[in-house]
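[1] structure for this input, please:
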Amino acid sequence: MIVTGVIFPVREAPIDIIALKSDMQARANSLRHQGKTIALVPTMGYLHEGHLSLMRLARDMADILVVSLFVNPTQFGPGEDLAAYPRNFDHDRELCMGEGVDILFHPEAGNIYEPGFQTFISLEKLPVYLCGASRPVHFRGVATIVTKLFNIVKPHVAVFGQKDYQQLMVIRRMVQDMDMDIRIVGGPIVREADGLAMSSRNAYLNSSQRPAALSLSRSLQQAQALLESGQTDVAALIASASHLILSFPETAIDYVAICDPDTLENIKAVTLPALMALAVRVGKTRLIDNTMLVPPQSATS
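    Predicted structure coming up:
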């Protein structure tokens with residue numbers, strides 16, 4: 001997917017592109033020594049409006065805005081789309097310039113994971129649920145690369161999208177557990193005009209698959225409507241969402257879950273705000289989405 005209609009404001013200085021982690025770490029040390037605050041937006045590139053919204057959020061939180069652009073191999077399992085993951089560095093650089101990014105950190109995998117690398121960061125509970133159930137190495141890779149980026153870029157604040165809700169929770173838990181002096185901010189989901197949550201993987205979808213992809217957001221909206229009509233039983237809400245999704249061709253459900261928004265543990269009834277999250281394959285493309293289901297009494301209390 002290519003973002004259109006983007007206006008690039010004129011910058012007083014060009015964006016600084018850093019490729020080596022040693023250079024990025026030295027720059028971060030210098031900036032901190034000067035009393036500058038640093039905000040980091042980690043990305044895997046092929047940027048879209050969702051990423052840009054995170055940059056705008058981060059831009060107001062610090063003196064220096066750093067965007068990392070790195071397709072992290074350790075969060076992809078066997079048979080996943082590491083090699084095919086969409087990339088467009090020149091376009092990403094232009095978008096970052098348009099958002100006033102100061103530094104674009106764009107390392108090679110061999111610089112991040114040098115020969116002999118053998119240390120990983122793992123959480124015990126949060127990765128067991130949702131995406132972690134079918135992607136067992138994913139969050140170990142996420143936690144590891146984010147830790148490395150924090151040590152290299154040395155941000156005071158880091159911004160992540162709420163579309164990857166489980167990832168956001170994993171990072172918040174890791175930062176708390178490991179006493180990292182970094183503020184973690186979640187940016188809201190950005191949707192395309194038809195409601196599809198923005199994702200770099202949307203580029204994989206062909207025109208005939210688009211209606212099926214929209215079943216994700218439609219099923220979330222349907223669940224909230226059923227909840228407001230009095231249906232609080234989680235099994236019934238999940239069954240209804242699954243029926244809607246599977247009514248479209250080329251769909252296969254990885255999971256549809258309604259859970260505690262803090263622990264991600266499954267619940268039986270929605271009596272308090274609860275996370276509804278799902279992962280669905282449309283053709284060969286794996287899409288995720290989520291929303292917070294809010295019972296009527298919670299919304300008015």
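[2] so residue 68 bridges to which residues?
    For residue 68, the beta-bridge assignment (DSSP bridges) gives partners residue 42, residue 105.
[3] how about it, what does it touch?
    Contacts for residue 68 (CB atoms under 8 Å, 6 or more residues apart in numbering) come out as 40-43, 104-106, 149, 153. For every residue, glycine as well, the C-beta is placed using N, CA and C.
[4] first to last residue in stretch 29-37, what's the distance?
    Across stretch 29-37, the terminal residues are separated by 11 Å (CA to CA, to the nearest Å).
[5] no wait, stretch 182-191
    Stretch 182-191 stretches 28 Å from its first residue to its last (CA to CA).
[6] swap in stretch 226-242?
    14 Å.
[7] can you pull the buried residues of it?
    Buried positions in stretch 226-242, judged by neighbour count with 16 or more other CB atoms under 10 Å: 226-227, 234, 237-238, 240-242.
[8] from these, pick the one nearest residue 289.
    residue 241 (10.8 Å; CB to CB).
[9] how about the contacts made by the closest one?
    219-220, 222-223, 256, 276, 278.
[10] and the next helix or strand past the helix or strand harbouring it?
    Residue 241 is located in helix 234-246, with elements delineated by DSSP states H and E. Toward the C-terminus, helix 234-246 is succeeded by strand 251-259 as the next helix or strand (DSSP H and E).
[11] now do the helix or strand just after that following strand: everything it contacts.
    The C-terminal neighbour of strand 251-259 among helices and strands, as given by DSSP H and E, is strand 274-282. Strand 274-282 is contacted from outside by 130-131, 134, 165-166, 205, 209, 212-213, 215-216, 219-220, 223, 237, 241, 245, 248, 250-261, 264, 267, 286-293, using CB under 8 Å, 6+ apart.
[12] kindly report the same for stretch 285-298.
    Residues contacting stretch 285-298 (CB under 8 Å, 6+ apart): 131, 162-165, 189, 197, 199, 201-202, 204-205, 209, 213, 216-217, 220-221, 223-224, 227-228, 232, 237, 254, 258, 261, 270-281.
[13] since we're on residue 144, how many residues are nearby?
    Residue 144 has 21 neighbours, counted by other CB atoms under 10 Å.
[14] sec struct for it, please.
    helix (DSSP: H, G, I helix; E, B strand; the rest coil).
[15] before we move on, the earlier item: could you dump the contacts of residue 68 to TSV with pLDDT?
    As requested, the contacts of residue 68 are arranged in TSV below (pLDDT from 0 to 100):
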residue	pLDDT
40	98
41	98
42	98
43	98
104	98
105	98
106	98
149	98
153	98
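[16] of the residues you listed, select the buried ones using a PyMOL command.
    If you want just the buried ones from the contacts of residue 68 in PyMOL, going by 16+ other CB under 10 Å, the selection is:
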select buried, resi 40+41+42+43+104+105+106+149+153
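[17] who's in contact with the spatially most central residue of the chain?
    In the chain, the centroid-proximal residue (CA atoms, centre = their mean) is residue 164; its distance is 3.7 Å. By CB under 8 Å, 6+ apart, residue 164 lies in contact with residue 288.
[18] show me the domain layout of the chain.
    16-187, 200-294 (automatic domain parsing).
[19] look up how far residue 146 lies from the residue nearest to the centre of the chain.
    Note on residue 164: its distance to residue 146, by CB to CB, to the nearest Å, is 11 Å.
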